[in-house]
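# pasted the sequence and its predicted model underneath.
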Amino acid sequence: MNAIDKVPDSERYARCIQTSKRVRWDVDDDVIRGRRFDAAHKFLPDGLSLVDAFTSLSADEKRFVSQIQGRTYANVFGLVERFINAKVLELSHDHWFGDQVALEALVRFSDEELKHQALFRRIDAMIGDVLPDGYRFDVDPNAVAHAVLGKSTWAVLALTLDIELFTQLHYRQSIEPDAQLSELFKDVFLYHWKEESQHAILDELEWVRHDADRTVEQRDKAVDEFVELVAAVDGILQSQAQADAGYFAARCGRAVDGAETQAIAAAFLKAYRWQYIHSGAQHPHFGRVLSSLITQDQGRRIQAALATLQ
Ligand SMILES: [Fe+2]
Ligand SMILES: [Fe+2]
């Protein structure tokens, strides 16, 4: 039984399977449906792209920024889902000769993440068809997965729940309500959200289950590893903000001097830290689950680390 939700854990795994079967979708038949992107449309909503921070840009240039960020958004999900899937497959081992319902729920989770990675690779290529050449996303998903999976399972599950909760928050609070977004881009994240909702429930179940067997010392070390993982995410965001600002400056159609390029890079980084770090860290449910597992001192360590990433 989970302390936060009074539904028995076995029932929660079973419900995830039922919902996963009900919402299941196909990349071509349901999401893409023969459509193409149109560079006349905005991709990422203002609430995520923080476009107001790009103070020197025209309206058309801000739309280009939303398209660059939308492409990076698809690439970042493709990246994180590599390590999430590997961790889910590893955790499934705990259920091989135990709860077969939990095992099925994790196998479906893994299958969905493989499909999502394929979807995001398609989306990256399709956005590449309508935007100028020169975009770079040079982070290797396998190298990141190896580094992440070198940390304890507790720390990886903390980061994973954080990510899978902010995915839902982004869709509901920013993507769904924005009437000016590309319909295709919106559908990608509508369908993604439908399957991610089950993943976040499973992350929590697995994290709490795994936490129960940790010693005080193991958990304390894992808190530090979670902070290290967030710092590693920030390192990726810093280099991508520079890459995306350089691409914008090279392809926006006017001269952009070095000082403006740096201001644009700072605005990209602000948006990326909001998207991938702070929106998840501030998610109320993430806070509730995390604080149910850690001490106040450990919570303060995490908050102090997050406060440096402003
Ligand atoms: Fe996913
Ligand atoms: Fe997921």
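Sure, I can see it. Ligands and ions are numbered 1, 2, ... in the order given.
# nearest to ligand 2: which residue in this protein?
Closest residue of the chain to ligand 2, Cβ to the ion: residue 199 (3.5 Å). Placement of C-beta: from N, CA and C, glycine included.
# around that residue, count how many other residues there are.
Residue 199 has 28 neighbours, counted by other Cβ atoms under 10 Å.
# where does it land on pLDDT?
Residue 199 is assigned 97 on the pLDDT scale.
# do residue 254 as well
Note for residue 254: predicted pLDDT of 97.
# ditto for residue 287
The predicted local confidence for residue 287 is 95.
# returning to what we had before: residue 271 versus the residue of the chain closest to ligand 2, what's the distance?
24 Å (Cβ to Cβ, to the nearest Å).
# excluding chain neighbours, what is closest to the residue of the chain closest to ligand 2?
Leaving aside its sequence neighbours, residue 199 sits nearest to residue 164 (Cβ to Cβ, 6 or more residues apart in numbering; 4.7 Å).
# which strand or helix spans the residue of the chain closest to ligand 2?
helix 183-211 (DSSP states H and E).
# okay, angle between the next helix or strand after that helix and helix 183-211 too, please.
Going down the chain from helix 183-211, the next helix or strand is helix 216-251, by DSSP H and E. Between the axes of helix 216-251 and helix 183-211, defined by axes from the mean of the first three to the mean of the last three Cα atoms, to 10 degrees, the angle is 160 degrees.
# which parts of helix 216-251 are buried?
219, 221-227, 229-230, 233-234, 236-238, 240-249 (16 or more other Cβ atoms under 10 Å).
# for stretch 102-122, same thing?
102-106, 108-110, 112-113, 115-117, 119-120, 122.
# quick one, which residue of the chain lies the farthest from its center?
Here the chain reaches farthest from its C-alpha mean at residue 255, the gap being 33.3 Å by Cα atoms, centre = their mean.
# phi, psi of that residue?
phi -80, psi 130 (degrees, to the nearest 10).
# how close does it get to residue 174?
32 Å.
# and residue 300, by the same measure?
Applying Cβ to Cβ to residue 300 and residue 174 gives a distance of 30 Å.
# more neighbours: those two, which one.
residue 174 (19 against 11).
# how about the residues of the stretch 151-300 of the chain near ligand 2?
Contact residues, the stretch 151-300 of the chain versus ligand 2 (Cβ under 5 Å from the ion): 164, 196, 199.
# pick out the residue closest to the middle of the protein.
Nearest to the geometric centre of the chain sits residue 163, at 4.4 Å (Cα atoms, centre = their mean).
# quick one on the thing from earlier: next one: phi and psi at the residue nearest to residue 199?
According to degrees, to the nearest 10, residue 164 has phi -70, psi -20.
# wait, it sits on residue 201?
No - using Cβ atoms under 8 Å, residue 164 makes no contact with residue 201, being 9.1 Å away.
# what residues are up against residue 278?
306, 309 (Cβ atoms under 8 Å, 6 or more residues apart in numbering).
# where does it sit: helix, strand or coil?
At residue 278, secondary structure determined by DSSP: H, G, I helix; E, B strand; the rest coil is helix.
# so what pLDDT did it get?
93.
# I'd like to know which elements the worst-scoring helix or strand of the chain on mean pLDDT is packed against.
Lowest on mean pLDDT, DSSP states H and E among the helices and strands of the chain sits helix 279-281, with a mean of 91. Contacts defined by 3 or more Cβ pairs under 8 Å, 6 or more residues apart in numbering; DSSP states H and E place helix 279-281 against helix 153-170.
# what about the helix it packs on, distance to the chain center?
Offset of helix 153-170 from its chain centre (Cα atoms, centre = their mean, to the nearest Å): 7 Å.
# phi, psi of residue 136?
phi -130, psi 140.
# in a helix, residue 40, correct?
No - looking at residue 40 with three-state DSSP, it is coil, so not inside a helix.
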